[in-house]
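[1] everything below, folded, please.
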Amino acid sequence: MKRQDIGFILLVVAVFLPFFLIDSVYEWYKAFNSAHGMIMSFIKFAVLATMGEMLGSRISSGEYLPKGFGMIPRMVVWGILGMGINMAMIIFSKGTPIFLEYLGLQGASTMLDGPFSAEKVLVAFSVSVAMNSIFAPVFMTLHKITDTHIARYNGSVSALVHPIKMSEIISGLNWKVQWGFVFKKTIPLFWYPAHTITFLLPSELRVLFAAILGVVLGVLLAVAAKKK
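    The predicted model follows:
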């Protein structure tokens with residue numbers, strides 16, 4: 001284990017440990033999260049998903065913060081994307097059960113907040129499939145576009161104020177990897193079951209768990225990068 005690995009572990013401990021050891025910190029988190037869900041979504045994804053990308057960078061390049069990584073612009077972009085994920089989770093967790101009721105599954109709209117049952121798992125899985133089939137491909141592509149944009153400015157904060165050359169970046173994406181690995185493999189094999197677990201959790205924990213999954217996303221993206 002190298003010094004940078006020890007530093008990363010200490011960073012993770014410093015971020016999470018207070019929530020487990022200090023009751024007042026955890027109570028503040030619950031109260032603020034309840035009152036300001038979108039702001040907390042920004043913070044959760046800005047911190048956790050960026051840490052996931054740092055871990056992915058360690059796997060692919062050997063460094064957590066290689067030259068041009070752009071931690072600040074990545075945190076800002078992840079925060080904004082995190083708010084979009086929160087919005088999507090609300091929309092699909094409410095809309096999909098209503099659609100299931102339309103198809104004949106009575107009481108589906110209340111099952112996610114009810115006791116554990118086979119029907120609850122079915123509803124959670126249906127929400128996950130709907131969200132990851134409709135929203136995830138757009139989200140993943142947008143994330144790849146913003147990554148490319150940040151890289152073009154060598155990780156500089158100035159990337160946040162320059163317009164994204166959407167058509168140019170989209171035409172230059174590695175669609176073979178984007179489709180063959182990111183969409184075709186990670187969505188059905190990982191994100192469907194992972195977000196089924198997400199929607200089985202109490203509603204106040206879902207965004208946090210989804211942000212923690214951002215760490216896994218960083219590793220998956222590192223694997224995709226190596227496939228190039």
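[2] domain parsing for the protein?
    The chain resolves into domains spanning 1-35, 36-226 when parsed by automatic domain parsing.
[3] okay, buried residues for the one helix or strand residue 88 maps to please.
    For residue 88, the host element (DSSP states H and E) is helix 71-103. Buried positions in helix 71-103, judged by neighbour count with 16 or more other Cβ atoms under 10 Å: 71-86, 88-89, 92-93, 96-97, 100. Backbone N, C-alpha and C define where each C-beta goes, glycine included.
[4] try stretch 11-21
    Along stretch 11-21, no position meets the burial threshold by neighbour count (16+ other Cβ under 10 Å).
[5] gap between that stretch and the chain center?
    Averaged C-alpha coordinates place stretch 11-21 at 20 Å from its chain's average position (Cα atoms, centre = their mean, to the nearest Å).
[6] over to stretch 191-201?
    For stretch 191-201, the distance between its averaged C-alpha position and the chain's averaged C-alpha position is 12 Å (Cα atoms, centre = their mean).
[7] contacts for it?
    Around stretch 191-201, the neighbours that count as contacts under Cβ atoms under 8 Å, 6 or more residues apart in numbering are 89, 93, 112, 116, 120-121, 123-125, 127-129, 131-132, 136, 206, 209-210, 213, 216.
[8] and those residues, which are buried?
    Here the buried ones among the contacts of stretch 191-201, as counted with 16+ other Cβ under 10 Å, turn out to be 89, 93, 112, 120, 123-125, 127-129, 131-132, 136, 206, 209-210, 213, 216.
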